[in-house]
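Student: this one's structure only:
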């Protein structure tokens, strides 16, 4: 999904064309990869659910889908499969 968003948000400036916002070439090369758009989209998408949960905590926690996802996450945590990340 992140690769799709990066492809959609990438910019293709032809050789010799002016840069967006008159930024240096190194920054424009970063814009061309689409990673900046994917990063911003990921941050906005993750903060949206946090804002909804903080505004309506009872409605958010009473949702059966939230309960199922919470149980799945707790099962993964209890299995120890996530503890391999501590090595990194």
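Tutor: Nice, thanks for sending it over. Just so it is clear, the structure is predicted and the values come from calculations on it, not from any experiment. Residues are numbered from 1 along each chain as shown.
Student: so which helix or strand takes in residue 10?
Tutor: Following DSSP states H and E, one finds residue 10 outside all helices and strands.
Student: next, give phi and psi for it.
Tutor: phi -80, psi 160 (degrees, to the nearest 10).
Student: residue 15 too?
Tutor: phi -60, psi 130.
Student: relative to residue 68, how far out is it?
Tutor: According to Cβ to Cβ, to the nearest Å, residue 15 stands 51 Å off from residue 68. (C-beta placed from N, C-alpha, C; glycine too.)
Student: neighbour count for these two, which is higher?
Tutor: Ranked by neighbour count (other Cβ atoms under 10 Å), residue 15 and residue 68 place residue 68 first, with 10 against 4.
Student: so for that one, what's the pLDDT?
Tutor: As predicted, residue 68 sits at a pLDDT of 93.
Student: what's in contact with the strand or helix carrying it?
Tutor: Using DSSP H and E, residue 68 maps to helix 64-79. With Cβ atoms under 8 Å, 6 or more residues apart in numbering as the test, helix 64-79 has contacts from 60-61, 82.
Student: filter these down to the ones in helices?
Tutor: Taking DSSP state H as the definition of helices, those contribute 60-61.
Student: so which of the contacts of helix 64-79 wins on neighbours?
Tutor: Neighbour-wise, the contacts of helix 64-79 (other Cβ under 10 Å) top out at residue 60, 14 neighbours.
Student: how many neighbours does residue 39 have?
Tutor: 14.
Student: what about it, which helix or strand?
Tutor: helix 35-55.
Student: name the SS class of the residue of the chain most remote from its centre, please.
Tutor: No residue in the chain sits farther from the centre than residue 16, which is 32.2 Å out by Cα atoms, centre = their mean. Following DSSP: H, G, I helix; E, B strand; the rest coil, residue 16 is assigned to coil.
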